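Asker: Mind folding the following:
(2 chains, ligands or ions: 2)
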There are 2 protein chains.
Amino acid sequence: EDLKKQRSVQTADPYSSDPVRHPGLRVNSLKPFNAEPPSEILSDSYITPSAIFFKRNHLPVPRVDPGSYRLQVEGLPGGALALTLEDLKTKFPKHTVTATLQCAGNRRSEMNEVKQVKGLNWGIAAISNATWGGAKLRDVLLAAGYRPEVATWARHVQFEGLDRDASGTYGASIPINKAVSEDGDVLLAYEMNGEDLPADHGYPLRVVVPGTVGARNVKWVGRITVSAEESGSHWQQNDYKGFSPGTDWDTVDYKSAPAIQELPVQSAITSPADGAAVEGSSQEVTVRGYAWSGGGREVVRVDVSLDGGKTWQVARLEGGQDQAPPPPGRAWAWKLWELQAPLPPGAQELEIVCKAVDSSYNVQPDSVLPIWNLRGVLSNAWHRVRVKVRED
Amino acid sequence: EDLKKQRSVQTADPYSSDPVRHPGLRVNSLKPFNAEPPSEILSDSYITPSAIFFKRNHLPVPRVDPGSYRLQVEGLPGGALALTLEDLKTKFPKHTVTATLQCAGNRRSEMNEVKQVKGLNWGIAAISNATWGGAKLRDVLLAAGYRPEVATWARHVQFEGLDRDASGTYGASIPINKAVSEDGDVLLAYEMNGEDLPADHGYPLRVVVPGTVGARNVKWVGRITVSAEESGSHWQQNDYKGFSPGTDWDTVDYKSAPAIQELPVQSAITSPADGAAVEGSSQEVTVRGYAWSGGGREVVRVDVSLDGGKTWQVARLEGGQDQAPPPPGRAWAWKLWELQAPLPPGAQELEIVCKAVDSSYNVQPDSVLPIWNLRGVLSNAWHRVRVKVRED
Ligand SMILES: [Mo]
Ligand SMILES: [Mo]
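Answerer: Ligands and ions are numbered 1, 2, ... in the order given. Prediction:
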């Protein structure tokens, strides 16, 4: 009987307790589950509904009992602290932050098209925007004994997820100044879009690091460690780093590049879709998309071209409707944008291109090959779609 | 006699008390004086000697008597404060910061080549690096009555220079969070490279705003005002802003773009010079240059191509010799870089290209036209030089 039980545990699918997902998602990988919404619907709402928010899991979804859950906070002078979910909800002020998360591999498929890379073949929708609610990491660290003197030796705050396989748990870290800054807005979030976090997004608690690559926004967080060192996980040390287009698997030196934290300026066209047709009789075309930049830099302009990049028009930007303009350096959420423009007379095909500019006046690079890298991360070249003009 | 005096004042050259300058500078404009060092010598030293540090004056150089000089600090609850130079040197701790300054118009000539722009025709050397010494603006604002509550209404810190013409003084502003942040490192500098500020660089006092466009680093600063508003000067409201390549002088709406503050990632090749020849017999070529990014973002990689951008090699980066690695987000100084590489066999000409990557993984755009703008600012496309390979 014991042997039978053991065998059934050994052969049980570790993904068997993964949640049910929205059937409209485009699945890149089932186990672990990785999926993005159809890009045409991504720009339908400023706040992405949680059900279609892109899912990026590295491991099976852990099922966490909220009653026995404890968040361990370690590495500070006062000794370790264990917080219940109730502690986090009642002993710390609740903050809400609307922040866009983007996977480092968003738009990887465009890199794959020019030269093969290693990683999930994401389209343009491994990016979504939600309103997160929770305690400020800063407040929790202060309660756990963080003092300015700690900054003399501490450099990083490490996070460990409760998701695990035989080789261990998911892990990542962020620089300590981001974690403790009043302007960093890092949350230990227990809410997403006004409800408890869904299982796929880290129930009961995840880290939300606004302006920072998805991989550091650790889900199902179980342990926080203030440290002189970065997380030793391969996700921190190897996987989420950018390399030169000339670097290949034989020459890559992981130590030579910093772990990705803030992401560069990004934009993409969500409508019309590549290969779609627009009506020539309407004499007008409407182009829609998203734009975002890391590090709290606000998108200040999106240029759209209908002729492959020869001439440019400025799109209209839409922030959140009831959102006050963000303070400088704290623009964590994307902007949706739209351009309505006359169809160029006689055009039978359009090559529509977009590129965004952020508040530091950083721009997207023109083309993919010069930013190609062996892992296919940081794919932020101008986005292009080709559409036919249908004549009646 | 009175009439004669008056006439001589009216006809006197307001630039007559401008200082003597280094004869090696490449002059873009004499009155006001604007000049850059020959680009080949720019990368000879990590710290740019003050005499060849690029000069960017908007108005005649004012001659300020250090004894009667007063810095007015206004707009704070405690009322106005007037500080002598002695006050600034003795009542506040002295800080030194090594920071690169770059003119918004650096590399404007490359924009001019593709389509005419309005502004001084800078080459690649309207950028230089110095060690600045002075009081922290934060400390002075705190002494003048700044308290956290001020942040509820104040948004900007305005600076007025003592340089003036008939229409008024030079003026600019920065966001208040940059001014009061402990990590912002904004100085009221009275020293440059260990000596009193030279007249061309703001004697007796200038603002140094690390990571921020040169235009906000106000020289000969006479007045500091904490305000809900940006500076009303045309340098803040009109001149130093970026626009879409499709925007011309008929359609420009100055209110539509933010004033340039942080600058985007930048790099250029200082050696070999464009049009130079390299020795084929040496079988090797050495390429040198600079790289820098705004906002305290560190340059993490420079890619160099010898074939116009088809293949790339990674350059060796040189920070300051005795400089500790900067804390994250406070990398204010440039990196010089060098690549020694074999000459491609049989090559008769090389098109050398460089592009830098910063710690947010922002990159430079491939080409100039898509970032062209009517004022020719923010010119940070890949830098290209063509050189001949000389066969003996
Ligand atoms: Mo990711
Ligand atoms: Mo400038």
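Asker: quick one: secondary structure of A:Tyr203?
Answerer: coil (DSSP: H, G, I helix; E, B strand; the rest coil).
Asker: Pretty sure it sits against A:Tyr69.
Answerer: No: using CB atoms under 8 Å, A:Tyr203 makes no contact with A:Tyr69, being 9.5 Å away. For the C-beta atoms, the positions are set from N, CA and C on the backbone; glycine is no exception.
Asker: higher neighbour count, those two?
Answerer: Using other CB atoms under 10 Å in any protein chain shown, the more surrounded residue of A:Tyr203 and A:Tyr69 is A:Tyr203, with 22 against 19.
Asker: who are the neighbours in contact with the more buried one?
Answerer: A:Tyr203 makes contact with A:64, A:66, A:196-197, A:220, according to CB atoms under 8 Å, 6 or more residues apart in numbering or on different chains.
Asker: Chain A against ligand 2: which residues are in contact?
Answerer: Not one residue of chain A sits near ligand 2, judged by CB under 5 Å from the ion.
Asker: and the one residue sitting closest to the centre of chain A, bridged to which residues?
Answerer: Nearest to the mean C-alpha position of chain A, counting by CA atoms, centre = their mean, stands A:Gln102 at 2.1 Å. Beta-bridge pairing for A:Gln102 (DSSP bridges): A:Ile127.
Asker: ok, it - contacts?
Answerer: A:Gln102 touches A:126-127, A:213-214, A:263, A:266, A:292, A:294, counting by CB under 8 Å, 6+ apart.
Asker: if you set the cut-off to 10 Å instead, what comes out?
Answerer: A:54, A:56, A:126-129, A:211-214, A:217, A:263, A:266, A:290, A:292-294, A:334, A:380 (CB atoms under 10 Å, 6 or more residues apart in numbering or on different chains).
Asker: ok, now A:Lys89?
Answerer: A:Lys89 neighbours (CB under 10 Å, 6+ apart): A:83, A:133-135, A:190-191, A:204-205.
Asker: How about A:Tyr290?
Answerer: Counted by CB under 10 Å, 6+ apart, A:Tyr290 has contacts A:39, A:42-43, A:46, A:48, A:100, A:102, A:124-125, A:127-129, A:266-270, A:299, A:302, A:318, A:334-337, A:354, A:356, A:383.
Asker: ok, 6 Å please
Answerer: A:Tyr290 makes contact with A:43, A:334, A:336 under the criterion CB atoms under 6 Å, 6 or more residues apart in numbering or on different chains.
Asker: Highest neighbour count among the residues you listed?
Answerer: A:Trp334 (31 neighbours).
Asker: Not counting its neighbours along the chain, what's nearest that one?
Answerer: Among residues not flanking A:Trp334 along the chain, A:Trp292 sits closest, at 3.9 Å (CB to CB, 6 or more residues apart in numbering or on different chains).
Asker: same question, A:Pro245
Answerer: Using CB to CB, 6+ apart, the closest residue to A:Pro245 is A:Trp372 (4.6 Å).
Asker: wait, isn't that neighbour in contact with A:Phe243?
Answerer: No: using CB atoms under 6 Å, A:Trp372 is not in contact with A:Phe243, being 9.5 Å away.
Asker: how about the residues of the stretch 201-350 of chain A near ligand 1?
Answerer: The stretch 201-350 of chain A comes close to ligand 1 at residues A:214-215, as judged by CB under 5 Å from the ion.
Asker: Just name the closest of the contacts of A:Tyr290 to ligand 1, please.
Answerer: Ligand 1 lies nearest to A:Trp334 out of the contacts of A:Tyr290, by CB to the ion, at 16.5 Å.
Asker: How about the contacts made by the closest residue to chain B within the stretch 51-200 of chain A?
Answerer: Here the stretch 51-200 of chain A gets closest to chain B at one residue, A:Pro175, 4.6 Å apart by CB to the nearest CB. When contacts are counted by CB under 6 Å, 6+ apart, A:Pro175 touches B:Pro328.
Asker: Next, give phi and psi for it.
Answerer: phi -60, psi 140 (degrees, to the nearest 10).
Asker: Likewise for A:Val180?
Answerer: The phi/psi pair for A:Val180 (degrees, to the nearest 10) reads phi -100, psi -10.
Asker: wait, it sits on A:Leu137?
Answerer: No: counting by CB under 6 Å, A:Val180 does not reach A:Leu137; the two are 7.9 Å apart.
Asker: With neighbour numbers in mind, choose between the two.
Answerer: Set side by side, A:Val180 and A:Leu137 show more neighbours around A:Leu137, with 29 against 22, by other CB under 10 Å.
Asker: show me what contacts the more buried one?
Answerer: If you count contacts by CB under 6 Å, 6+ apart, then A:Leu137 has A:179, A:186, A:188 around it.
Asker: 8 Å - rerun?
Answerer: A:157, A:179-180, A:184, A:186-188, A:207, A:224.
Asker: Taking these, tell me the two that lie furthest apart.
Answerer: Greatest spacing in those, by CB to CB: A:Gly184 and A:Ile224 (14.5 Å).
Asker: Which neighbouring residues are in contact with A:Pro328, exactly?
Answerer: A:298, A:359, B:175, B:177-178, B:261.
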